[in-house]
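Student: this is a predicted model, with the sequence first.
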Amino acid sequence: MMDVPILVGTAGWSYPDWENVVYPAGKAAERLRAVARHLDCVEIDSSFYHPPTARTTESWVRSLDQQPGFRFTAKAWQRFTHERSVPWTQADYDLLANGLQPLREAGRLDSLLFQFPWSFRNDAKNRDWLGAIADAFADWPLAVEVRHDSWLEEETFELLRQRHITFCNIDQPTLAHCLPPTAHATTEVGYFRVHGRNAKNWFLEKQATPGGRYDYLYSAMELDELLAHITKITARTKKTFVIFNNHKDGKAFANALQLKARLSPAATLLAPVALRERFPALRACTVADGAEQLPLV
């Protein structure tokens, strides 16, 4: 559908509630390969909570030897985005940088995403914080996600263009001062993160169930709306990443496959058998990756 590559993936790949839906239970080492079999990329989510070790990222590279086109993006450690009461240290930088270095050396890491919370407003202090990140990670492929609509002004995009930082467009619930869906491009790489529209749970500090904030399945009409924004981004980029973060119960995986089907309607798109059973809409746009159970009657 597009001349510009659009790589579709999910935020994270190892979730207990994906077992027996996206991949079999009890085979943690096989999860990444299972995801890479069906999608184009993955955003490392665990790096937000603590940087991975170089040994771990080396193992990810080895596990995908047979899939050289599969790409990674990575969320920066929350020490740089959420724990802002004191500046980070060189040791903090080294911990993150050293852990991700094997992915960079293998040519697999396309973006390091700094995801800031809604409380990160557009003011002088936070602009300085963002500038310090740009200085420290100047030789990295950077992306920035902000969620408060105070950043939605031309000065923001000009700053990012000058610092060669990708603006991360997002889809999130339409609540007070939440950034709406956009289609901005500030580098040659486009980025669009899809969080779901669960307004009821979005700002709840304590979720009733793990991942409840991201418990949302996009409808066909909503996916078409997202695709319209993504198409605008591709007009100004050489590559665009679309990352589904509505991960509860495999919904991100289902929606990612549905979007891929829209991008390449003539292609044969495989989907896990259990995922097709959980989300019947996939039967119209995918082929079962394995034997399906025949109806009993």
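Tutor: Yes, it's here. Values in this document were obtained by computation on a predicted structure and should not be read as measured data.
Student: helices along the stretch 1-150 of the chain, start to end?
Tutor: Here the stretch 1-150 of the chain has its helices, by DSSP state H, counting those that start in this stretch, at 31-38, 54-63, 90-105, 124-136.
Student: quick one: which of those is nearest residue 203?
Tutor: Nearest of the helices of the stretch 1-150 of the chain to residue 203, taken as Cβ to Cβ: helix 124-136 at 19.6 Å. For every residue, glycine as well, the C-beta is placed using N, CA and C.
Student: the inter-axis angle of that closest one versus helix 90-105?
Tutor: Relative orientation of helix 124-136 versus helix 90-105 (axes from the mean of the first three to the mean of the last three Cα atoms, to 10 degrees): 50 degrees.
Student: can you list contacts of helix 124-136?
Tutor: Contacts with helix 124-136, where a contact means Cβ atoms under 8 Å, 6 or more residues apart in numbering, come from 80, 84, 87, 93, 114, 120, 142, 144, 159, 163, 165.
Student: show me the contacts for the residue lying closest to the fifth one once chain neighbours are set aside.
Tutor: Translated: residue 114. Excluding the flanking residues, the one nearest residue 114 by Cβ to Cβ, 6 or more residues apart in numbering is residue 76, at 4.6 Å. Contact analysis of residue 76 by Cβ under 8 Å, 6+ apart lists 47-48, 96, 112-115.
Student: low pLDDT regions in this structure?
Tutor: Applying pLDDT under 70 to the chain flags the ranges 1-2, 293-297.
Student: so which residue is smack in the middle of it?
Tutor: residue 243 (3.3 Å; Cα atoms, centre = their mean).
Student: make sure that one is indeed in a strand.
Tutor: Yes - using DSSP: H, G, I helix; E, B strand; the rest coil, the secondary structure at residue 243 is a strand.
Student: may I have the beta-bridge partners of it?
Tutor: Residue 243 has these beta-bridge partners by DSSP bridges: residue 9, residue 193.
Student: wait, it sits on residue 11?
Tutor: Yes - here residue 243 reaches residue 11: they are 5.3 Å apart, a contact under Cβ atoms under 8 Å.
Student: what touches both of these two?
Tutor: With contacts defined as Cβ under 8 Å, 6+ apart, the residues shared by residue 243 and residue 11 are 43, 193.
Student: name the member of the contacts of helix 124-136 with the most neighbours.
Tutor: Greatest neighbour count in these, by other Cβ atoms under 10 Å, goes to residue 144: 26 neighbours.
Student: excluding chain neighbours, give the residue nearest to it in space.
Tutor: For residue 144, the spatially nearest residue (Cβ to Cβ, 6+ apart) is residue 114, at 5.1 Å.
Student: ok, back up a step: tell me who's in contact with the residue nearest to the centre of the chain.
Tutor: Applying Cβ under 8 Å, 6+ apart, the residues near residue 243 are 9-11, 41, 43, 73, 191-194.
Student: for the protein, which segments are assigned as strands?
Tutor: Here the chain has its strands, by DSSP state E, at 6-11, 41-44, 71-75, 109-115, 142-145, 165-171, 189-194, 239-244, 270-271, 287-288.
Student: which of those strands sits closest to residue 177?
Tutor: Residue 177 lies closest to strand 165-171 among the strands of the chain, at 13.6 Å (Cβ to Cβ).
Student: for that closest one, packing partners?
Tutor: Secondary-structure packing of strand 165-171 (3 or more Cβ pairs under 8 Å, 6 or more residues apart in numbering; DSSP states H and E): strand 109-115, strand 142-145, helix 154-162, strand 189-194, helix 220-234.
Student: swap in 7 Å and give it another go.
Tutor: Strand 165-171 sits against strand 142-145, strand 189-194, helix 220-234, with contacts defined as 3 or more Cβ pairs under 7 Å, 6 or more residues apart in numbering; DSSP states H and E.
Student: alpha carbons only: can I get the longest one in CSV?
Tutor: Backbone C-alpha positions of helix 220-234 (Å, rounded to 0.1, in the frame of the first residue of the first chain) are rendered in CSV as follows:
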residue,chain,number,x,y,z
ALA,A,220,-12.3,-1.5,12.3
MET,A,221,-13.5,2.1,12.0
GLU,A,222,-11.0,3.3,14.6
LEU,A,223,-8.1,1.5,12.9
ASP,A,224,-9.1,3.3,9.7
GLU,A,225,-8.9,6.6,11.6
LEU,A,226,-5.4,5.7,12.8
LEU,A,227,-4.3,4.7,9.4
ALA,A,228,-5.3,8.1,8.0
HIS,A,229,-2.9,9.7,10.5
ILE,A,230,-0.1,7.2,9.8
THR,A,231,-0.4,7.8,6.1
LYS,A,232,0.2,11.5,6.6
ILE,A,233,3.3,10.7,8.6
THR,A,234,4.7,8.5,5.8
